[in-house]
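# Compute the structure for the input listed below.
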Amino acid sequence: MWGIVPAAGRGSRIQPLAFSKELLPVGSRLDCGIERPCAVSEYLVERMIHGGADKICFVISPGKSDIMEYYGGSYGHAAIAYVVQPQPSGLCDAIFSASPLMGRDECVIVGLPDTVWFPERALAELPDDKLSFLLFPVEHPEVFDAVVLDAENRVCEIQVKQSEPASRWIWGAFKMPGRVLEELRQLWLERECRDEYVGTLVNAYLAAGGEACGVKAGQSYVDVGTLHGYRSAIGLLSEAAGAQEGGGGARVAIGWPTGRAFSYLTQQRV
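Prediction:
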């Protein structure tokens, strides 16, 4: 199973940074007993691995070699590949830049590397045989892509950053077979690559007879692309840490890129 991590964006909402926004330290981890910062994109990679991914593809821009230096060729037991998107041209373009690597019979997970969400293993709830969205309830769905479902949890529409969305559930990640990824790519090409957002493309896919479902398995979701979101992520991680091990402050993760085990820390032990 593949995980696609679109990481070619400029990160203009949280600049200036001296490194790629995907490497923004959020929380910390223990590496061989030494506490070190944890890059925000590690949370997504970890969750993809929990969801079954054994191959991760980072889509990067030409100037983001620091992501390659940080992750190298593997993370835990997952192999890592890189695809270069010459110009940041939207999420659809980034996803389809990676599609040549994916077979029609392989499952593909797509997530956003500047987000932190729980539960960690929620991706395992998504089916393998259809386009499916992992949904999270939020207070301000108008700044995200709200997903409208019918009574059987089929996706009726994705409302992209609408001022008064009909749903408070937004998508945080999605999964599909490789054949559906190719169907979406072909539709995107037929539409002259004008879809920047996944939501508008999926709406066209549904209108053409495609199907998608929504799974309300998400509990909390933070976009770390702004300073407000960064602070919220720190708070969310602290709450999650306090809820485990009697508030001890640590949660076990998959592993550092070298394959060594470590734990994320978000508060000091007392």
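
# part of a helix, is C213?
No: counting by DSSP: H, G, I helix; E, B strand; the rest coil, C213 is not part of a helix but strand.

# in the sheet, who's paired with it?
Here C213 shows beta-bridge partners S132, R154, assigned using DSSP bridges.

# Might you report the residue contacts of it?
By Cβ atoms under 8 Å, 6 or more residues apart in numbering, C213 lies in contact with P127, K130, L131, S132, F133, L149, N153, R154, V155. In this view, the C-beta of every residue, glycine as well, is placed from N, C-alpha and C.

# Dump those into TSV; add neighbour count as well.
Formatted as TSV, the contacts of C213 follow (neighbours: other Cβ atoms under 10 Å):
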residue	neighbour count
P127	13
K130	15
L131	23
S132	24
F133	29
L149	20
N153	15
R154	14
V155	24
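
# from the residues you listed, which single one is nearest E42?
Among the contacts of C213, F133 lies closest to E42 (Cβ to Cβ), at 22.6 Å.

# just to revisit the earlier point, out of the contacts of C213, who's nearest L112?
When the contacts of C213 are compared against L112 (criterion: Cβ to Cβ), the nearest one is F133, at 12.6 Å.

# Let me have the contacts of C213 in a markdown table, adding pLDDT as columns.
As requested, the contacts of C213 are exported to a markdown table (pLDDT from 0 to 100):
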| residue | pLDDT |
| --- | --- |
| P127 | 97 |
| K130 | 96 |
| L131 | 98 |
| S132 | 98 |
| F133 | 98 |
| L149 | 98 |
| N153 | 98 |
| R154 | 98 |
| V155 | 98 |
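
# C156 contacts V148, correct?
Yes: at 4.7 Å, C156 counts as touching V148 under the criterion of Cβ atoms under 8 Å.

# what's the longest helix in the protein?
Looking across the chain with DSSP state H, the single longest helix is helix 227-242.

# mind listing what's buried in that helix?
The neighbour-count check on helix 227-242 (16 or more other Cβ atoms under 10 Å) flags G229, Y230, S232, A233, I234, L236, L237, A240, A241 as buried.

# cool, stretch 152-162 as well?
For stretch 152-162, a neighbour-count test (16+ other Cβ under 10 Å) marks V155, E157, I158, Q159, V160, Q162 as buried.

# If we ignore the residues flanking it in sequence, what's nearest the first one?
Put plainly, it is V155. Leaving aside its sequence neighbours, V155 sits nearest to A212 (Cβ to Cβ, 6 or more residues apart in numbering; 4.0 Å).
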